[in-house]
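Asker: I need the structure of the sequence given here:
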Amino acid sequence: MTTEASQDPGDRVPEPALALDAVTATPRAVHTSHGVARRVFYPAAALVLAFVLVAVAFPDWLSGLITAANDVVVNSLGWYYVLIVTGFVVFSLALAFSRLGSIKLGRDDEEPQYGVRSWFAMLFAAGMGIGLVFWGVAEPLNHFATPPPRAEGSPEVLAQGAMTYTFLHWGLHAWAIYIVVGLSVAYVVHRRRRPVSLRWTLEPVLGTRRVEGGWGHAIDVVAIVGTMFGIATSLGFGVVQVGAGLDHLGVMDLSRTALVVLISVIAGLAMISVATGLDAGIKWLSNANLLLAGLLLLAVLALGPTLFLLREFVQSIGAYLERFMRLSFATLPYQGAEGESWLASWTTYYWGWWMSWSPFVGVFIARISRGRTVREFIAGVLLVPTLVTFLWFSIMGGAALYRELFGAGGLIGADGAVDNNTALFSVLEALPGGPALSGLAILIIVIFFVTSSDSGSYVVSMLSSGGDPSPQLWVRLVWAALSGAIAAVLLGTGGTEGGLASLQTMAILVAAPFSVIMIAMCVGLFRSLRADHEAAERIRRAMVRERLVSAVVGQLGGTDTPPNWPIEASDASRRLRERLRGRPHQE
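Answerer: Down below sits the predicted model:
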């Protein structure tokens, strides 16, 4: 049951933040901005708009430039992405199991802002959304058809390996990336009352002056640009799958023009949702979409090979845990160029995609997580969505693998290719009520499209408004329009395959600079939590001393019970000294 669901914190007058040059420095007031942060909004908007204009004017040149840059990043930084993302998993688990996990993201007596169901629905819709629907069937099929180089075994062994790699890409690693950003932002916003902005997460590392100045502006600009391309990537996947589904059902022909029209229409719906606010549009759509996705999942489970899917779900969790350490550090160096190419197409791409999404998802889940402890935050964000994601892939992807292994097949071409856009609909049409299920899937994708654009625009607007928790409507509309424009331009100029490839590449590229910021976030968060814990320990020890002194004073006074508690330590000490000197204390 929610305690404050009816009152959005953005509707209240924000408390002044206390800025510290270091955790223990003298505080001074920092007030949240209530307008556009010009040194953040205009540079970020200019960069995004410039990219859109160049993509329209010079599509071939930009595509070549993006490809060349991607080759450099993938060839040079693939091992780095693998290492730091695994480090984020270790960091998250270490915090959860440490004494720091008991620190609350807010005042010590504050209750959670949203109930568990609404909280989970919003973070899940924001964190996975369209990608989960797009890849639910397609990714296990791709790994089965084209496994990592040198992978050998029977079809059944390869199918299990396909599901294990899918779990790797969508499991603990993805959500640990979100935790680093989300927990850092939640702590500085709810515990230390800073503005809703990424720059303040680096305050213990850079200091207040740098955070308020050029360094802070640069951090927020990088986060905004990265978020815009991460959202655009998902929007591209979503609109392509919606178009493919409508084409599969014979409603419309899939073409570049149709894709642009679809993006425009759905982005328009997202802009309407943006205007309704967090507690209306985003919350309502997130809950509705979780319900619809659950219905689709249960329908496939009931109408498909039910027993096989349930057994496969349990076994795949075991296979994932068994191979977790090895896969977490796998960079395929002994597979040569083939291994490098496979890693870039899947693992490196995913880690870049999650990191490019992390400012958006991190700020959003931080915004809705006030009142929860660090341990609750990590457990809720890391474990629950991961298990639900695994269930989704086990049912949707498992149904596809069952059809390839024991059924009619036909989902993988003779050349080993998988049609990612129509794979979901091909699986659904083979079930009873296939057209209705396909229609439901299209509706789910559209709502995911709207919630991703809506919540993404909301977060980017907060960042570009100096941390204002209730950014102006026109700012939210601008970012919603620009996210749709990026996807529309790249899909319109590059087509289905080329446009999606460009969006995927941009997600990897923009993650490179932001990964450095994330490492600094880990350092800053640990320093802040440790200082908070040490301060709490000092207070606890002082209270214990006060209580002992009070007990001694009470006994010397001939009473069976100590004086009223709590009392000041100085008062208790004075009482004790006067008793020992033989002078009665005057109450």
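Asker: residue 368: neighbouring residues, count only.
Answerer: Burial of residue 368, expressed as a neighbour count using other Cβ atoms under 10 Å, amounts to 24. Using the backbone N, CA and C atoms, a C-beta is placed for each residue, glycine as well.
Asker: correct me, but it touches residue 113?
Answerer: Yes. The pair residue 368 / residue 113 is scored as a contact, 6.5 Å apart, by Cβ atoms under 8 Å.
Asker: extract the C-alpha set from stretch 178-194 and format it as CSV.
Answerer: Written as CSV, here are the backbone C-alpha positions of stretch 178-194 (Å, rounded to 0.1, in the frame of the first residue of the first chain):
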residue,chain,number,x,y,z
TYR,A,178,21.1,0.5,-13.5
ILE,A,179,21.8,0.1,-9.8
VAL,A,180,25.1,2.0,-9.9
VAL,A,181,23.4,5.1,-11.4
GLY,A,182,20.1,4.7,-9.7
LEU,A,183,21.4,4.2,-6.2
SER,A,184,23.9,7.0,-6.5
VAL,A,185,21.2,9.4,-7.6
ALA,A,186,18.7,8.1,-5.0
TYR,A,187,21.2,8.7,-2.2
VAL,A,188,22.2,12.2,-3.1
VAL,A,189,18.6,13.2,-3.9
HIS,A,190,16.6,11.6,-1.0
ARG,A,191,19.3,11.3,1.7
ARG,A,192,21.3,14.4,1.2
ARG,A,193,18.6,16.5,-0.5
ARG,A,194,20.4,17.4,-3.6
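Asker: can you give me the mean pLDDT across that stretch?
Answerer: Mean pLDDT, stretch 178-194: 92.
Asker: could you check how far it is from the centre of its chain?
Answerer: Its chain's C-alpha centre and that of stretch 178-194 lie 13 Å apart, by Cα atoms, centre = their mean, to the nearest Å.
Asker: just stretch 294-313 next, same as before
Answerer: For stretch 294-313, the distance between its averaged C-alpha position and the chain's averaged C-alpha position is 27 Å (Cα atoms, centre = their mean).
Asker: got the buried residues for that stretch?
Answerer: In terms of neighbour count (16 or more other Cβ atoms under 10 Å), stretch 294-313 has its buried residues at 296, 297, 299, 300, 301, 303, 304, 305, 308, 309, 312, 313.
Asker: and the residues you listed as JSON lines, adding pLDDT and distance to residue 249?
Answerer: Shown next, in JSON lines, are the buried residues of stretch 294-313 (pLDDT from 0 to 100; distance: Cβ to Cβ, whole Å):
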{"residue": "296", "pLDDT": "94", "distance to residue 249": "16"}
{"residue": "297", "pLDDT": "94", "distance to residue 249": "20"}
{"residue": "299", "pLDDT": "96", "distance to residue 249": "17"}
{"residue": "300", "pLDDT": "96", "distance to residue 249": "17"}
{"residue": "301", "pLDDT": "96", "distance to residue 249": "23"}
{"residue": "303", "pLDDT": "95", "distance to residue 249": "18"}
{"residue": "304", "pLDDT": "94", "distance to residue 249": "20"}
{"residue": "305", "pLDDT": "95", "distance to residue 249": "24"}
{"residue": "308", "pLDDT": "97", "distance to residue 249": "27"}
{"residue": "309", "pLDDT": "97", "distance to residue 249": "25"}
{"residue": "312", "pLDDT": "96", "distance to residue 249": "28"}
{"residue": "313", "pLDDT": "97", "distance to residue 249": "29"}
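Asker: any low-confidence regions in the stretch 251-400 of the chain?
Answerer: Screening the stretch 251-400 of the chain residue by residue with the criterion pLDDT under 70, one finds the ranges 274-283, 286.
Asker: which parts of the chain are strands?
Answerer: With DSSP state E, the ranges of strands along the chain come out as 17-19, 28-30.
Asker: lowest average confidence across those strands, which one?
Answerer: Ranked by mean pLDDT, the strands of the chain end with strand 17-19 at the bottom, a mean of 40.
Asker: run a quick neighbour tally on the residue nearest to residue 81 when sequence neighbours are not counted.
Answerer: The shortest distance from residue 81 to any residue that is not its chain neighbour, by Cβ to Cβ, 6 or more residues apart in numbering, is 4.3 Å, and that residue is residue 351. Residue 351 sits with 28 neighbouring residues when counted by other Cβ under 10 Å.
Asker: so residue 351 sits against residue 80, correct?
Answerer: No. Using Cβ under 8 Å, residue 351 is not in contact with residue 80; the gap is 9.5 Å.
Asker: any buried residues in stretch 526-540, and which?
Answerer: Of the residues in stretch 526-540, those buried by neighbour count under the rule 16+ other Cβ under 10 Å are 526, 528, 529, 530, 532, 533.
Asker: residue contacts, the residue nearest to residue 167 when sequence neighbours are not counted?
Answerer: Across the structure, with Cβ to Cβ, 6+ apart as the measure, the residue nearest residue 167 apart from its sequence neighbours is residue 320 (4.2 Å). With contact taken as Cβ atoms under 8 Å, 6 or more residues apart in numbering, residue 320 is in contact with 164, 167, 168, 171, 390.
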